[in-house]
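Participant: The sequence isn't on hand, but the structure is:
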């Protein structure tokens, strides 16, 4: 059974070229349904325990999946630990993955060097639109597609560095210049904690900014409609 870290190491040290097709994080693609995401987790990360979070609008009899959280069972401080989280769009929009979060902590003897990790990321995603590297931390950011608009406010990127969960952007998280959310690029961020030149922890977020905003706005309108229809 392969963990997220095991899958990453296979990618990191294989000489494969950059993969074509939709971008994924830990095998999860934006737009997947909960069923598709569960199937992907079970196929690639069989050791992970999956927990589905359900929500329901007041007055609406139909619950929906809003999050999936996958954790490595029986992890100890000396083992590699993996966390994977997915947030889904809420009704009335399609119940599809809007954001994905992955966190991997490495044993020191298994940890890749920063150069190895950076090389694997570039092999898979291409060169980042922005990067920062220091003695104890590194960060990378991609826009998908590369020519899309970076619509997230700087404050969001600062929050993501410590945010251990899928992120769902709201109206206030967009730059004031983002007047046409449909033009907003999806965003992939990687934040690395380094120890002696090796990656001790890698946290990543993949976010469909336009879909997240559309879902937030549609859900607010839908909830108001239910309230208005209530006796």
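Facilitator: Great, that's in hand. None of the values given here were measured: they were computed from a predicted structure. Residues are numbered from 1 along each chain as shown.

Participant: bridging residues for the residue positioned nearest the centre of the chain?
Facilitator: Taking CA atoms, centre = their mean, the centroid of the chain lies closest to residue 100, which sits 2.4 Å from it. With DSSP bridges as the criterion, residue 100 is bridged to residue 86, residue 206.

Participant: roughly how far apart are it and residue 198?
Facilitator: Taking CB to CB, to the nearest Å as the measure, residue 100 falls 25 Å from residue 198. Where you see a C-beta, it was placed from the backbone N, CA and C, and this is true even at glycine.

Participant: How many residues are close by residue 70?
Facilitator: 23 (other CB atoms under 10 Å).

Participant: Contacts only, for it.
Facilitator: Applying CB atoms under 8 Å, 6 or more residues apart in numbering, we find residue 70 in contact with 41, 45, 48-51, 82-85.

Participant: One more pass at 6 Å, please.
Facilitator: 41, 48, 50, 84 (CB atoms under 6 Å, 6 or more residues apart in numbering).

Participant: Run me through the strand neighbours of the host helix or strand of it, direction for each.
Facilitator: Here residue 70 sits within strand 64-71, counting by DSSP states H and E. According to DSSP bridges, strand 64-71 forms sheet pairs with strand 49-55 (antiparallel), strand 81-88 (antiparallel).

Participant: hang on, residue 98 packs against residue 211?
Facilitator: Yes - counting by CB atoms under 6 Å, residue 98 does reach residue 211; the two are 5.0 Å apart.

Participant: Which one's more surrounded, those two?
Facilitator: residue 98 (30 against 24).

Participant: The host helix or strand of residue 143 pairs with which strands, and in what direction?
Facilitator: Using DSSP H and E, residue 143 sits within strand 137-144. Strand pairing for strand 137-144, determined by DSSP bridges: strand 130-133 (antiparallel), strand 186-195 (antiparallel).

Participant: contacting residues around residue 125?
Facilitator: Counting by CB under 6 Å, 6+ apart, residue 125 has contacts residue 142.

Participant: redo that, cut-off 7 Å
Facilitator: Taking CB atoms under 7 Å, 6 or more residues apart in numbering as the contact definition, residue 125 lies against 23, 142, 188.

Participant: Same list, the contacts of residue 70, but as CSV with distance to residue 181, pLDDT and neighbour count please.
Facilitator: Listed next are the contacts of residue 70 as CSV, based on distance: CB to CB, whole Å; pLDDT from 0 to 100; neighbours: other CB atoms under 10 Å:
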residue, distance to residue 181, pLDDT, neighbour count
41, 29, 90, 21
48, 33, 81, 22
50, 31, 89, 15
84, 27, 90, 28
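
Participant: Tell me which two of the residues you listed sit farthest apart.
Facilitator: The span of the contacts of residue 70, defined through CB to CB, is set by 50 and 84 at 8.9 Å.

Participant: Common neighbours of these two, please.
Facilitator: 41, 70.

Participant: any idea how far the nearest residue to residue 68 once chain neighbours are set aside is from residue 108?
Facilitator: Nearest non-adjacent residue to residue 68, counting by CB to CB, 6 or more residues apart in numbering: residue 86, 4.5 Å away. Separation of residue 86 from residue 108 (CB to CB) stands at 29 Å.

Participant: more crowded one of the two?
Facilitator: residue 86 (31 against 10).

Participant: Could I get the contacting residues of the more buried one?
Facilitator: Contacts of residue 86 (CB under 7 Å, 6+ apart): 28, 37, 67-68, 97, 100, 166.

Participant: what about it, distance to residue 204?
Facilitator: Computed as CB to CB, the residue 86 to residue 204 distance reads 13 Å.

Participant: One more: residue 196?
Facilitator: From residue 196 across to residue 204, the span is 22 Å (CB to CB).
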